[in-house]
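K.L.:
Give me a 3D structure for the following:
(one chain, ligands or ions: 2)
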Amino acid sequence: METDFNERIIIKKAPPLKGTIRIHGAKNAVLPIIAASILGQEQPSYIEEVPDLEDVRILRDALKYLGAKLSYQDDTLMIDTSTLTKTDPPKDLVQKMRASFLLMGSLLARTGHVRIYLPGGCAIGARPIDQHLKGFQALGAEIIETKEYIEASVVGRLQAATIYLDVPSVGATENIMMAATLAEGTTVIENVAQEPEIVDLANYLNTMGAKVKGAGTNVIRIEGVEKLTGARHTVIPDRIETGTYLTIAAATGSELFLQNAIGDHLRAVIAKLTEAGIDISEEDDGILVKACEPLKPLQIKTLPYPGFPTDMQAQFTALMAIAKGTSYITETVFENRYMHCKQLQKMGANISVEGRHASIVGGRTLQGTKVEMTDLRAGAAMIIAGLVAEGITEVTNLHHIDRGYVDIVGKLQQVGADIYRVRQPLEKAVYRERIQEATQRERRAILKPTFA
Ligand SMILES: CC(=O)N[C@H]1[C@@H](OP(=O)(O)OP(=O)(O)OC[C@H]2O[C@@H](n3ccc(=O)[nH]c3=O)[C@H](O)[C@@H]2O)O[C@H](CO)[C@@H](O)[C@@H]1O
Ligand SMILES: C=C(OP(=O)(O)O)C(=O)O
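P.N.:
Ligands and ions are numbered 1, 2, ... in the order given. As a prediction, this is how the structure comes out:
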């Protein structure tokens, strides 16, 4: 179901939340995996734990257009790419999201040709694609670049090369890794990204018959093979969804169990929350977070993995707005990732941004008002702020949050939050009435926590 642009999320200050939230499969792992399925010439792939997200639907539609057969049931996506007929993903789909560009490596390697429009997505920075193109050229592709699209072709197979990435780009690492699986010879990619999503992609590729070694370190070696086939794979849990709920628990003084969450993928985030005074324990099947201490201020610098993830910066900005004392954030990955600060300021947060640096004088009481989601993680920050603000917060531009969180409103309702998704803007008095009614109804429905 597509986002309705008239929809709003209405949030009332949350009581301490309690219960279990199930973490879905990772958006940033499943998108490259769906793109990689194109490499399988025979047998369908069965991808398990596929989240029902807008970005996933867009990529599924792109694959359908290219001639693949897909079906989706109970979080398992079947993709049969043996029937592929086209190599030019449609402009409107590609321009809706960044990860669509990951179709380039797999289409080029599988068919010897691709024509792809420049990708869209969140406006968090210029997001060049020079490292992707450098990699494809090194593998022997002829590249034509226009203002609108890129066309790449190769006669016969791609040829292995040694490629040094100037920045450890997640997307470039994935795109080049996919292309190199079918190249002739052994490709070495140096200074690669080391995110868990890279390891998940390498595991899927290896199950398809590829020979990828070193994923998770800063050098990846790929011995090219002649053919890959579809495979079964389970996507890793979403570490950013997990981090977001950890932050929500910290902000609202809550006790939550995040089922499926993997602490090892979140070392930097857990370290910072612990430093802020939050109690986090890692269990076999998830993470238990208990927040009761007053929050301490933090210093955060976003970095490529295993550093603090840029995708958690906005949520922590909201958290630091209520921690007593002054916090400092340096955003080193994307040059335009402070758009949420203006929205938080509207709610009374004391934040100053200068270039890559933000300082947050915390301890203010936030006030609910009308704010918008300016990008995906900014959307999560608005929800966090709304859950701690006095009064009612109304959030618009929900298409951003639908890209990356499965039913965030429903999951929060289940643990006791007063949060609703409504279609039309409502008069203030009507909001109050409806929220009051819904609060009583929802309170009766709060799930019993599954831990003592
Ligand atoms: C779908 C997906 O997985 N998205 C994630 C991925 O995005 P994405 O793969 O787009 O991010 P990159 O790792 O490529 O970008 C990191 C930095 O490298 C720069 N760069 C990148 C490519 C290039 O050719 N040249 C270049 O200069 C970018 O402008 C940015 O400053 O990693 C980001 C960084 O962790 C996350 O925020 C995104 O959630
Ligand atoms: C920036 C993000 O995603 P994308 O790269 O898909 O825009 C994100 O997940 O926070």
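K.L.:
Please identify the residues of the protein in proximity to ligand 2?
P.N.:
Of all the residues in the chain, those in contact range of ligand 2 (CB under 6 Å from any ligand atom) are Asn28, Met97, Arg98, Ala99, Gly121, Cys122, Ile124, Asp311, Leu376, Arg377, Gly404. From N, CA and C alone the C-beta is placed, and that goes for glycine too.
K.L.:
With distance to Leu387 and secondary structure added, can I get the residues you listed in TSV?
P.N.:
Listed next are these as TSV, based on distance: CB to CB, whole Å; DSSP: H, G, I helix; E, B strand; the rest coil:
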residue	distance to Leu387	secondary structure
Asn28	24	helix
Met97	27	coil
Arg98	28	helix
Ala99	29	helix
Gly121	26	coil
Cys122	22	coil
Ile124	23	coil
Asp311	19	helix
Leu376	18	helix
Arg377	16	helix
Gly404	18	helix
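K.L.:
So for the residues you listed, which is the shakiest by pLDDT?
P.N.:
Looking at these, model confidence by pLDDT dips furthest at Gly121: 71.
K.L.:
Assess the claim that that one and Arg98 are in contact.
P.N.:
Yes - Gly121 lies in contact with Arg98 (CB atoms under 8 Å); the separation is 3.1 Å.
K.L.:
so what sits against both of those two?
P.N.:
Applying CB atoms under 8 Å, 6 or more residues apart in numbering, one finds that Gly121 and Arg98 are jointly contacted by Arg127.
K.L.:
what's the closest non-adjacent residue to Cys341?
P.N.:
The spatial neighbour of Cys341 that comes closest, neighbours along the chain excluded (CB to CB, 6 or more residues apart in numbering), is Ile351 at 4.7 Å.
K.L.:
Now do the one you found, the pLDDT please.
P.N.:
In this model, Ile351 carries a pLDDT of 97.
K.L.:
Who does it form a beta bridge with?
P.N.:
Each beta-bridge partner of Ile351 is listed here, defined by DSSP bridges: Ile360.
K.L.:
Near ligand 1, which residues of this structure are found?
P.N.:
Where proximity means CB under 6 Å from any ligand atom, the interface of the chain facing ligand 1 comprises 28, 31, 98-99, 125-132, 167, 169-172, 193, 197, 310-311, 333-334.
K.L.:
Start and end of stretch 147-157, how far apart?
P.N.:
Between the start and the finish of stretch 147-157 there is a gap of 27 Å, counting by CA to CA, to the nearest Å.
K.L.:
Same question for that stretch: list its buried residues.
P.N.:
Within stretch 147-157, the residues that count as buried by 16 or more other CB atoms under 10 Å are Tyr149, Ile150, Glu151, Ala152, Val154, Arg157.
K.L.:
Inside strands: which ones of these?
P.N.:
With strands defined by DSSP state E, the entries of these inside them are Tyr149, Ile150, Glu151, Ala152.
K.L.:
okay if I get those residues as a markdown table plus pLDDT?
P.N.:
A markdown table is the format used below for these (pLDDT from 0 to 100):
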| residue | pLDDT |
| --- | --- |
| Tyr149 | 95 |
| Ile150 | 96 |
| Glu151 | 97 |
| Ala152 | 98 |
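K.L.:
can you list the domain ranges for the chain.
P.N.:
Per automatic domain parsing, the structural domains of the chain span 8-24+237-445, 27-234.
K.L.:
If you average pLDDT over each of the ones you listed, which is lowest?
P.N.:
Of all the domains of the chain, the segment with the smallest mean pLDDT is domain 8-24+237-445, scoring a mean of 92.
K.L.:
Contacts only, for Asp311.
P.N.:
For Asp311, the set of contacting residues under the criterion of CB under 8 Å, 6+ apart consists of Asn28, Ile240, Gly243, Arg377.
K.L.:
please redo it, this time with the cut-off set to 7 Å
P.N.:
In this structure, Asp311 makes contact with Ile240, Arg377, judged by CB atoms under 7 Å, 6 or more residues apart in numbering.
K.L.:
Could you check how far it is from Leu77?
P.N.:
Look at Asp311 and Leu77: by CB to CB, to the nearest Å, they are 23 Å apart.
K.L.:
For Met312, see how far away Thr207 is.
P.N.:
Between Thr207 and Met312 the distance is 29 Å, computed by CB to CB.
K.L.:
Give me the more crowded residue out of the two.
P.N.:
Met312 (26 against 15; other CB atoms under 10 Å).
K.L.:
Nearest residue to the more buried one in space, please, no chain neighbours.
P.N.:
Excluding the flanking residues, the one nearest Met312 by CB to CB, 6+ apart is Gly243, at 4.7 Å.
K.L.:
To what extent is the one you found buried, counted in neighbours?
P.N.:
Counted with other CB under 10 Å, the burial measure for Gly243 works out to 27 neighbours.
K.L.:
Ok, the one 3 residues further on next?
P.N.:
Burial measure for Leu246: 26 neighbouring residues, criterion other CB under 10 Å.
K.L.:
Double-check it against Lys272; I have them as touching.
P.N.:
No - in terms of CB atoms under 7 Å, Leu246 does not count as a neighbour of Lys272; the distance is 9.8 Å.
K.L.:
which neighbours do the two share?
P.N.:
Jointly contacting Leu246 and Lys272 under the rule CB under 7 Å, 6+ apart is no residue at all.
K.L.:
How far off centre is stretch 260-274?
P.N.:
In terms of CA atoms, centre = their mean, to the nearest Å, the centre of stretch 260-274 is found 16 Å from the chain centre.
K.L.:
Stretch 105-117 now?
P.N.:
Between the mean C-alpha location of stretch 105-117 and the chain-wide mean there is a distance of 24 Å, by CA atoms, centre = their mean.
K.L.:
Pull the residues that contact that stretch.
P.N.:
Judged by CB under 7 Å, 6+ apart, the contacts made with stretch 105-117 from elsewhere in the structure are 35-36, 38-39, 87-89, 91, 94-95, 101, 103-104, 136, 141, 148-155, 158, 175-176, 178-179, 181-182.
K.L.:
Stretch 178-191 now?
P.N.:
Stretch 178-191 is contacted from outside by 35-36, 39, 105-106, 108-110, 136, 139, 157-165, 168, 173, 176-177, 205, 210, 212, 218-225, 228, using CB under 7 Å, 6+ apart.
K.L.:
So which of the residues you listed sit within strands?
P.N.:
Helix and strand membership here follows DSSP E; of those, those in strands are Thr162, Ile163, Tyr164, Val212, Val219, Ile220, Arg221, Ile222, Glu223, Leu228.
K.L.:
Just the buried residues of these.
P.N.:
A residue is treated as buried here by neighbour count (16+ other CB under 10 Å); on that basis the buried members of those are Ile163, Val212, Ile220, Arg221, Ile222, Leu228.
K.L.:
Reformat those as a markdown table; add distance to Pro44.
P.N.:
Written out in a markdown table, the entries for those read as follows (distance: CB to CB, whole Å):
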| residue | distance to Pro44 |
| --- | --- |
| Ile163 | 31 |
| Val212 | 21 |
| Ile220 | 26 |
| Arg221 | 28 |
| Ile222 | 23 |
| Leu228 | 13 |
